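*Asks:* Just to be clear, the model below is a prediction. Sequence and coordinates:
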Amino acid sequence: MLPAALVSLVQGFDRVQRDVADVRERLIQTAEAAASDEATLLTSGSQMLRALANQPDVRSGTAACVPALQNALKGLTYITNILRFDAAGQALCLARHAPETPTDASKRIWWPEAQKRTDFFITPLAYSNVSRTNVIGGVLPLQTATGQFDGVIALALDVSWLDVPLHTRRIPAGAVLAVFDPAGKMIVANDFPIAAKVFANRPAGVQRDALLSASIDGRSWSYVFVPLLNNPSSIGFAMRNRTLFASTYLHVATDLLLPVLMLGLASAAIWIATDRQVTRWIVYLRRIATAYAHGHYAIRPVALEQAPAEFRMLGETLSTMAAAVQDRDRRLREALAQKTLLIKETHHRVKNNLQIVMSLLSLQAGQLRDPQAQSALRQAQNRVNALALVHRILHEIEDFGAVDLKRLLEDLAHQLHEGAGAGRRDLELQLDIAARHAPSDLAVPLTLFTAEALTNAFKHAYPSAARGGFIRVSLLPIEDGKLRLAIEDDGVGVPDAPRGNGIGSRLIKAFAQQVGGAATVSGRDTGGTIVELVFADPLCDPDGMNFDEVEKNEERQSALL
């Protein structure tokens with residue numbers, strides 16, 4: 001009997017370990033499902049702040065900022081206030097205001113974190129003088145076009161709205177749910193007295209994979225924590241061990257007694273029971289989990305009718321999780337499609353409006369007899385044409401964050417070459433442009449810089465009677481992760497020198513400052529003029545690493561795997 005008893009002990013110990021692992025996963029899955037409503041509430045607040053941050057009036061804190069914030073609050077009873085602070089922490093505008101409302105955020109505990117972060121985060125529990133309730137803050141740090149800290153836009157969320165889902169959500173009987181702020185303070189709970197005792201020794205950091213325990217009035221509890229939106233704020237979920245491990249106690253007793261009473265049939269019974277009651281369901285759920293890991297969320301674990309309750313519950317949890325992820329992906333795709341359509345329409349209309357402006361300038365120039373006035377209008381037409389070209393390309397591409405500089409500059413150079421009648425004067429256009437993609441806020445000043453330099457070259461470098469020559473446009477990488485944009489000719493030179501006061505010189509310097517570069521105008525050793533702009537390569541980080549090469553290496557590694 002001793003060997004049978006030893007085998008029973010080993011089996012019982014193994015069963016306990018597996019049940020403990022299953023309990024931990026079940027608690028984590030249930031806690032994640034329970035956190036979905038709170039996460040959705042915080043996500044909606046984050047999305048609203050990002051939408052408001054894109055409004056120029058809110059961003060700059062003009063007089064129209066307050067109405068914009070007040071309009072955003074309409075119908076949102078769970079948000080008590082929206083505030084915009086500048087980089088020094090001073091309030092630019094508030095949706096709601098009370099006499100004792102603090103207008104300096106630089107002394108608040110979360111301000112240093114806002115200066116370091118770029119993503120949405122949650123602040124600890126605080127009392128709102130405006131709503132006279134306890135609130136938690138949602139803060140979205142803002143940056144300027146050059147990446148400098150530009151203050152924050154924040155909202156105040158009434159914590160009582162976090163309490164509603166806790167009491168309406170279906171959870172196991174006797175279970176305890178609680179929400180904690182980033183400082184570790186419990187905000188709301190479905191049973192506050194019990195939750196305060198269970199989570200009294202909560203660790204400082206949120207440990208998602210840790211199964212923790214507590215003893216309250218002689219009863220043992222197990223609990224886990226799940227972070228909210230990758231922030232220190234979290235949701236805790238706890239259940240009594242008697243409920244969690246009821247099946248474990250039964251399994252241990254069975255493993256200890258059956259081998260003694262039925263030693264002859266033990267091997268066959270254990271093999272059959274394990275295969276039919278455990279292994280195949282684990283294998284089945286593992287295939288389901290593998291499918292979810294590869295993004296196939298439409299699959300559902302429908303073959304668990306004969307499975308034990310734990311596996312059915314785990315299957316239901318997996319199915320609920322997959323449905324939630326699938327619904328979220330659908331809504332994200334719909335929102336992205338709508339945003340893409342609106343952006344395309346915006347660029348299309350801007351392009352059409354700019355073409356109308358060009359036509360008006362052309363008509364006006366045709367009615368003038370003063371050559372200088374005509375030339376000025378033609379130059380303005382070329383600048384407007386450069387802007388229209390940028391918007392035409394933005395309307396045609398899928399990725400609005402990256403403009404093909406090679407295509408943009410080549411199209412611009414050919415249009416200006418043709419518009420200046422350079423072909424009839426035997427002026428050769430030479431292009432040497434490296435393949436680069438840049439954000440639209442960088443592409444616009446680069447286009448205007450090129451248009452201005454090319455227009456000056458066609459106008460001043462070659463007198464009307466001169467024939468033959470070349471104009472070269474190049475965009476090539478140089479050392480220290482920078483790009484050099486150069487427009488050079490072999491003509492008589494451009495009189496609008498960099499130290500002059502002409503509008504061309506001022507525009508060239510202004511466009512160079514917009515891209516954070518340095519512009520120079522100099523003569524060539526063999527005659528002619530070089531206008532060049534040196535600026536940071538948008539594909540390189542400060543250490544000179546090329547992001548395109550990094551992406552190619554990652555794709556090659558993924559293909560090998």
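*Replies:* Thanks, I have it.

*Asks:* and residue 355, what element?
*Replies:* Per DSSP states H and E: residue 355 is located in helix 309-366.

*Asks:* Parallel or antiparallel, list what pairs with the helix or strand where residue 476 lies.
*Replies:* Using DSSP H and E, residue 476 maps to strand 469-478. Applying DSSP bridges, strand 469-478 is found paired with strand 427-433 (parallel), strand 482-489 (antiparallel).

*Asks:* send the alpha carbons of that strand over as PDB?
*Replies:* The C-alpha coordinates for strand 469-478 follow below in PDB (Å, rounded to 0.1, in the frame of the first residue of the first chain):
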ATOM      1  CA  GLY A 469      22.800  75.700 -69.000                       C
ATOM      2  CA  PHE A 470      21.600  73.400 -66.200                       C
ATOM      3  CA  ILE A 471      19.800  73.600 -62.900                       C
ATOM      4  CA  ARG A 472      20.400  70.700 -60.500                       C
ATOM      5  CA  VAL A 473      18.100  69.700 -57.500                       C
ATOM      6  CA  SER A 474      19.600  67.300 -55.100                       C
ATOM      7  CA  LEU A 475      18.600  65.800 -51.700                       C
ATOM      8  CA  LEU A 476      21.300  63.600 -50.300                       C
ATOM      9  CA  PRO A 477      22.300  62.300 -46.800                       C
ATOM     10  CA  ILE A 478      25.400  63.700 -45.200                       C
END
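
*Asks:* Determine which residue lies closest to the centroid of the chain.
*Replies:* What sits nearest the mean C-alpha location of the chain, by C-alpha atoms, centre = their mean, is residue 119, with 7.9 Å.

*Asks:* residues in contact with that residue?
*Replies:* Neighbouring residues of residue 119 by C-beta atoms under 8 Å, 6 or more residues apart in numbering: 140-141. Any C-beta I mention is one placed from the backbone N, CA and C, and that applies to glycine too.

*Asks:* For my notes, confirm it occurs in a strand.
*Replies:* No. Under DSSP: H, G, I helix; E, B strand; the rest coil, residue 119 falls outside any strand and is assigned coil.

*Asks:* and after the helix holding residue 355, which helix or strand comes next?
*Replies:* helix 371-396.

*Asks:* what's that next one packed up against?
*Replies:* Secondary-structure packing of helix 371-396 (3 or more C-beta pairs under 8 Å, 6 or more residues apart in numbering; DSSP states H and E): helix 309-366, strand 403-404, helix 405-419, helix 440-456.

*Asks:* packing partners for the shortest one?
*Replies:* Secondary-structure packing of strand 403-404 (3+ C-beta pairs under 8 Å, 6+ apart): helix 371-396, strand 437-438.

*Asks:* all strands of the stretch 51-200 of the chain, in order?
*Replies:* Using DSSP state E, counting those that start in this stretch, the strands found in the stretch 51-200 of the chain span residues 79-85, 91-94, 121-122, 126-128, 133-143, 149-158, 176-180, 186-189.

*Asks:* Mind checking those for the one nearest to residue 343?
*Replies:* strand 133-143 (20.7 Å; C-beta to C-beta).

*Asks:* tell me which strands and helices the closest one is in contact with?
*Replies:* Secondary-structure packing of strand 133-143 (3+ C-beta pairs under 8 Å, 6+ apart): helix 2-53, strand 79-85, helix 111-116, strand 121-122, strand 126-128, strand 149-158, helix 160-168.

*Asks:* who's in contact with the fourth one?
*Replies:* Meaning strand 121-122. For strand 121-122, the external contacting residues (C-beta under 8 Å, 6+ apart) are 42, 110, 113-114, 136-139, 181-182, 228-229, 231-233.

*Asks:* Of those residues, keep whichever come out buried.
*Replies:* By neighbour count, with 16 or more other C-beta atoms under 10 Å, the contacts of strand 121-122 hold 42, 110, 114, 136-139, 181-182, 228-229, 231-233 as buried.

*Asks:* Which of these sits closest to residue 515?
*Replies:* Nearest member of the buried ones among the contacts of strand 121-122 to residue 515, counting by C-beta to C-beta, is residue 114, at 27.9 Å.

*Asks:* What pLDDT does the model give that closest one?
*Replies:* On the pLDDT scale, residue 114 is placed at 90.

*Asks:* For the strand holding residue 476, buried residues please.
*Replies:* Neighbour counts using 16+ other C-beta under 10 Å place 469, 471-475 of strand 469-478 among the buried residues.

*Asks:* One more: stretch 93-110?
*Replies:* For stretch 93-110, the neighbour count (16+ other C-beta under 10 Å) marks 93-96, 105, 108, 110 as buried.

*Asks:* Could you do stretch 450-469 as well?
*Replies:* For stretch 450-469, a neighbour-count test (16+ other C-beta under 10 Å) marks 450-462, 469 as buried.
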